[in-house]
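**Q** What follows is a predicted protein model with its sequence.
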Amino acid sequence: MNGYFITGTDTGVGKSVVTACLTTLFKSRGENVGVMKPIETGVDPECSSAANSDAKFLMEVSGVQDADVCTYRLKTPASPYQAAQIEGKEIDPEKILEKFRVLQAKHSMMLVEGIGGLQVPITRQYNVADLALQMNLPLIIVSRIQIGTLNHTLLTINAARQHGLKVKGVILNPSHGGELDAIEEEQAPLIEEFSDTPVLGNCPFIQDVSSEGIKNSLGLIQRNFQEAQI
Ligand SMILES: Nc1ncnc2c1ncn2[C@@H]1O[C@H](COP(=O)(O)OP(=O)(O)O)[C@@H](O)[C@H]1O
Ligand SMILES: [Mg+2]
């Protein structure tokens, strides 16, 4: 298993930022990192950029020029299932898996950013958890550091386990650049206590979340994840 599937407790929690940070971290360790964002919605394929396309952003951070980092791009900002329905298209998960296997064979470390959370539908019968299972990658769950995180994180861990997914651990993502208060500091030990799942670390708060800004934050990223068994 040479890689991780990065999911989140919600959309907008920081999956792309964390995936970009991990890409930079693994590259600094000499890994040949490949990235994938299997489906993107809310992106105009004609005029996508690193600012509005996760796939382009991750390609910029990784420096890879692979084709097919993103198998399906849909304009409608909705779940893949809903967006495909609206646009009269159908998503074929097998096509995503084929592209994944090609990329996995090329790279020593694959980082796949999920779409929203685990139970986001891709087709009528197939969701993001099914995709992670078929890719056979352990999960990294990105959670916000804020009130409500404990519930969202435990729900996601339970859903993952029920689905037979292996959970490597949780990465907590701060929503501000200041010091964490006592309640925020306690999120990590509480998640570990109630789920028996390790918190791998906190992602640093990055002022400039462009690909250059992420690369320039390597020192911070290394410091935050130096203890993490990833
Ligand atoms: N660690 C971070 N430091 C600074 N800003 C962040 C961080 N994580 C997320 N953000 C902000 O939140 C936005 C959403 O994060 P993103 O990684 O795109 O979420 P997701 O991929 O889960 O939808 C980012 O564009 C950025 O503005
Ligand atoms: Mg994203």
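**A** Structure's in. What do you need? Ligands and ions are numbered 1, 2, ... in the order given.
**Q** How about the contacts made by the closest residue to ligand 2 within the chain?
**A** The minimum distance from the chain to ligand 2, using Cβ to the ion, falls at Ser16 (3.4 Å). Where C-beta positions appear, they are placed from N, C-alpha and C, glycine not excepted. Residues near Ser16 by Cβ atoms under 8 Å, 6 or more residues apart in numbering: Asp54, Phe57, Leu58, Glu113.
**Q** Please repeat the previous calculation with a cut-off of 6 Å.
**A** Shown in contact with Ser16 (Cβ atoms under 6 Å, 6 or more residues apart in numbering): Asp54.
**Q** ok, it to Lys75 distance?
**A** Per Cβ to Cβ, to the nearest Å, Ser16 is found 19 Å from Lys75.
**Q** can I assume the residue of the chain closest to ligand 2 sits in a helix?
**A** Yes. Membership of Ser16 in a helix is supported by DSSP: H, G, I helix; E, B strand; the rest coil.
**Q** Distance check, the nearest residue to Gly164 once chain neighbours are set aside against Leu25.
**A** Spatially, and ignoring its direct neighbours in sequence, Gly164 is nearest to Leu133 (6.2 Å; Cβ to Cβ, 6 or more residues apart in numbering). Distance of Leu133 to Leu25, computed by Cβ to Cβ: 25 Å.
**Q** Show me what from the protein comes close to ligand 1.
**A** 8, 11-17, 173, 203, 205-206, 209 (Cβ under 6 Å from any ligand atom).
**Q** okay if I get these as CSV plus pLDDT?
**A** As requested, the residues of the chain next to ligand 1 are exported to CSV (pLDDT from 0 to 100):
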residue, pLDDT
Gly8, 98
Thr11, 94
Gly12, 95
Val13, 97
Gly14, 97
Lys15, 98
Ser16, 98
Val17, 98
Asn173, 97
Cys203, 97
Phe205, 97
Ile206, 97
Val209, 95
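**Q** and these, which are buried?
**A** The neighbour count (16 or more other Cβ atoms under 10 Å) marks Gly8, Val13, Gly14, Lys15, Ser16, Val17, Asn173, Cys203, Phe205, Ile206, Val209 as buried among these.
**Q** do you know how far the last one is from Glu60?
**A** Shown here: Val209 relative to Glu60, a distance of 12 Å by Cβ to Cβ.
**Q** same deal with the fifth one?
**A** The span separating Ser16 from Glu60 equals 11 Å under the rule Cβ to Cβ.
**Q** Would you mind listing what in this structure touches ligand 2?
**A** With Cβ under 5 Å from the ion as the criterion, the chain meets ligand 2 at residues Lys15, Ser16, Asp54.
**Q** The last one: how many residues sit nearby?
**A** Going back to what we said before, that points to Asp54. Applying other Cβ atoms under 10 Å, we find 22 residues neighbouring Asp54.
**Q** What segments of this structure are helices?
**A** 15-28, 54-62, 80-86, 93-106, 128-135, 149-162, 182-185, 187-195, 211-216, 218-224 (DSSP state H).
**Q** Model confidence score at the nearest residue to Asn216 once chain neighbours are set aside, please.
**A** Of all residues not flanking Asn216 in the chain, Asp208 sits nearest, at 7.5 Å (Cβ to Cβ, 6+ apart). We have a pLDDT of 96 for Asp208.
**Q** and what of Leu155?
**A** Reading off the confidence values, Leu155 has pLDDT 98.
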